[in-house]
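>>> One predicted model, sequence on top.
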Amino acid sequence: MRSRLSLAGLPLDRRAELPLYQQLAAALRPRILDGSLPAGTRLPGSRAMAVELGCSRAIVQAACDLLYAEGYLQSTPRGGVRIAAVAKGDAPAAGEQPAPRLSGRWQAMLDIDYVSDLGSPFSSGTPDLEEFPFELWARLLRQSWQKPRADLCRAMSPLGWAPLRAATAEYLGAVRGLLCRPEEVVITPASAGALDLCCRMLLDPGDEVWVEEPGFIEARSSLLAAGARLVPVPVDGKGLVVAEGIRRAPKARLAVVTPSHQFPLGIAMALDRRLELLDWARRQESWIIEDDYNSEFRHRESMAAALKSLDRSGRVIYLGTFSKVMLPSLRLGYLVAHPGFVEAFGRGRARIDVHSAGTAQPALAAFLSEGHLLRYLRRMRKLYAARQQAVLAAIDELLPDLLEVAPTAAGLHLTALFTPAMAARMTDREASARSGQAGNYIQPLSQCYLGPPDRQGLVIGYGRLRAEEAQPRLAAVAARLRA
Ligand SMILES: Cc1ncc(COP(=O)(O)O)c(C=O)c1O
């Protein structure tokens, strides 16, 4: 005997947006899939169902028509309707969540031992937003969207909005002395997005890539996700030790570097190392990704020039971002590369994510070309230089025996190295955990290493730390470190 269908307990809500017939179908589907309404169960007539459910026959009929069309119901030879035999294998048990089985590359990326400092007052990558000219920014957004040009509403070029490419080329000349043409500039989803696209374009699984040791941990994510084999190359007082990179992986496809002020140590790469690196890339036909993060915030006139300015063979891909000089949520940045690279990049990108979001690109172009960004930067440089000074002074007063720190030429952070006395007390991970207990989490330097760290220290960001907060917050940290 086939069982009869019971409709008791089916939830139909007359106030809901979803029409009643769809609610009825939605309530029946999972019961059919999980077998609680077994295949072969005969449906009562639509009139009887309507009475049981307290709704009209038309609703029952529409729900059955939908389920019939979707294959959940079958007609019988005598004109009745039954539950169809559907494969139960696909149906998850009630409450069961599918556990994603990730690719080995993605899992390797997630397995990096890393604690973000983004919420902390000492975050190394968070700019101050209190001074940002939001009214002006809103006016520029309105200007471009009140009566938008037709080409602003359609898909854009994969290389970015042409006026923004031109304005970025001009901006780089003014701010970094980097002379480039608009055709060499591509607008990207900030520098992380640019790096990710470059990895897909240039790397095959198993390719070797030089990364700075210590280095920017987030950059390793895209490299691992592309299946690269990371080769840590040490950094000394002159920057990346190129000879060691050549010894460890002479045929690496790519080197990812921060030559202007190394992340996290703040060292500027010496000229002989720069020339050695360029020479290696030219001979091996390898690529150099220059991450020129935060160089706009220079605190000294003697700030090192971009490596890209020395590039005669077109092997350097220069990355920059508007995340720090403007707003982190903007997610717009740029790369500057040889026109041959740009052309291949654009053709590939047209088939992946097409282009970076276009909404803000015209406003950003105006923000640059009307000189607002340069004016804003001048203000922010002074503010960040004062914050750096305040952190240096507080360390000098509170922790001179435990931390060694030197001013850096640019950026939003300092790296304080442990003195032997501090290293004898605790590891930097322990120090970092103690700073967190004082509500002032500071990243440990060892987190920036791929292998065993050869230095211990703290990476102290001051982008969103008011100068007057430096002393009291570092005093709270110092108390924990000395406890
Ligand atoms: C070394 C380094 N590179 C790049 C970036 C910028 O990343 P994005 O442009 O993706 O925001 C940061 C930000 O923290 C950084 O510290």
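Sure thing, it's come through.
>>> Now stretch 317-330: buried residues?
Buried residues in stretch 317-330, defined by neighbour count with 16 or more other CB atoms under 10 Å: 317-327, 330. Where you see a C-beta, it was placed from the backbone N, CA and C, and this is true even at glycine.
>>> Include distance to K147 and pLDDT when you put those residues into a markdown table, please.
Converted to a markdown table, these look like this (distance: CB to CB, whole Å; pLDDT from 0 to 100):
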| residue | distance to K147 | pLDDT |
| --- | --- | --- |
| I317 | 37 | 98 |
| Y318 | 35 | 98 |
| L319 | 34 | 98 |
| G320 | 31 | 97 |
| T321 | 30 | 97 |
| F322 | 25 | 97 |
| S323 | 29 | 94 |
| K324 | 32 | 94 |
| V325 | 29 | 95 |
| M326 | 25 | 96 |
| L327 | 25 | 95 |
| L330 | 23 | 96 |
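>>> ok, and which of these reach the ligand?
The overlap between the buried residues of stretch 317-330 and the neighbours of the ligand (CB under 6 Å from any ligand atom) comes to 321, 323.
>>> which secondary structure element contains the residue lying closest to E404 once chain neighbours are set aside?
Closest residue to E404 apart from its sequence neighbours, by CB to CB, 6 or more residues apart in numbering: L417 at 4.8 Å. Using DSSP states H and E, L417 falls within strand 413-418.
>>> So which residues make contact with that strand?
With contact meaning CB atoms under 8 Å, 6 or more residues apart in numbering, strand 413-418 is reached by 124-125, 264-266, 388, 391-392, 395, 399, 402-408, 428, 431, 445, 455-463.
>>> now the residues you listed: which count as buried?
124-125, 264-266, 388, 391-392, 395, 399, 402-405, 408, 428, 431, 445, 455-463.
>>> ok, and of those residues, which contact the ligand?
G125.
>>> The buried ones among the contacts of strand 413-418 in strands, which ones?
Of the positions in the buried ones among the contacts of strand 413-418, 403-404, 457-461 sit in strands, assigned by DSSP state E.
>>> For these, name the two members farthest from one another.
E404 and G461 (17.9 Å; CB to CB).
>>> and the spatially most central residue of the chain, helix, strand or coil?
Residue closest to the average C-alpha location in the chain (CA atoms, centre = their mean): A192, at 5.4 Å. The three-state label given to A192 by DSSP: H, G, I helix; E, B strand; the rest coil is helix.
>>> same thing with L164?
L164 ends up helix, using three-state DSSP.
>>> what about A155, which SS state?
coil.
>>> What sits closest to it if chain neighbours are left out?
Closest to A155 by CB to CB, 6+ apart is V354, at 5.9 Å.
>>> ok so that neighbour is a strand residue?
No. Assigned with three-state DSSP, V354 falls outside any strand and is coil.
>>> Verify the stated contact: it with P158.
Yes. Between V354 and P158 there is a contact under CB atoms under 8 Å: 6.2 Å.
>>> Between the two, point out the one with more neighbours.
P158 (20 against 12; other CB atoms under 10 Å).
>>> looking at it, that one is touching A350, isn't it?
Yes. Under the criterion of CB under 8 Å, P158 makes contact with A350 at 4.5 Å.
>>> OK, contacts around I289?
Here I289 is in contact with 195, 198, 254-257, 316-317, 319 (CB under 8 Å, 6+ apart).
>>> Bridged to it, which residues?
In this entry, I289 is beta-bridged to V256, I317, by DSSP bridges.
>>> what residues are up against the closest residue to the ligand within the stretch 51-200 of the chain?
Of all residues in the stretch 51-200 of the chain, the one sitting closest to the ligand is G125 (2.7 Å; CB to the nearest ligand atom). With contact set as CB under 8 Å, 6+ apart, G125 has these partners: 117-118, 324, 412-413, 461, 463.
>>> how about a cut-off of 10 Å?
116-118, 216, 218, 263, 293-294, 323-324, 328, 411-413, 443, 459, 461, 463 (CB atoms under 10 Å, 6 or more residues apart in numbering).
>>> Quickly find the element holding R283.
Assigned by DSSP H and E, R283 falls in helix 271-284.
>>> how far away is the residue nearest to A155 from the ligand?
19 Å (CB to the nearest ligand atom, to the nearest Å).
>>> Enumerate every residue touching that residue.
155-158 are the contacts of V354 under CB under 10 Å, 6+ apart.
>>> Could you do Y449 as well?
213-215, 217, 232, 455.
>>> hang on, L335 is in a helix, isn't it?
No. Counting by three-state DSSP, L335 falls outside a helix, being strand.
>>> Report the beta-bridge partners for it.
V186, L319.
>>> Give me the pLDDT for it.
In this model, L335 is scored at 98, pLDDT.
>>> Tell me how many other residues surround it.
25.
>>> Quick check: it vs the ligand, distance?
11 Å.
>>> quick one: that residue and W287 touch, right?
No. Counting by CB atoms under 10 Å, L335 stays clear of W287, with 11.6 Å between them.
>>> Find the residues that touch each one of those two.
With CB under 10 Å, 6+ apart as the test, L335 and W287 both reach 198, 317, 341.
>>> T188 versus the second one, what's the distance?
Taken as CB to CB, to the nearest Å, the spacing of I317 relative to T188 amounts to 11 Å.
>>> And for the first one?
Between C198 and T188 the computed distance is 9 Å (CB to CB).
>>> Tell me the residues on this protein that lie near the ligand, please.
Residues of the chain lying near the ligand (CB under 6 Å from any ligand atom): 125, 190-192, 216, 258, 263, 291, 293, 321, 323, 333.
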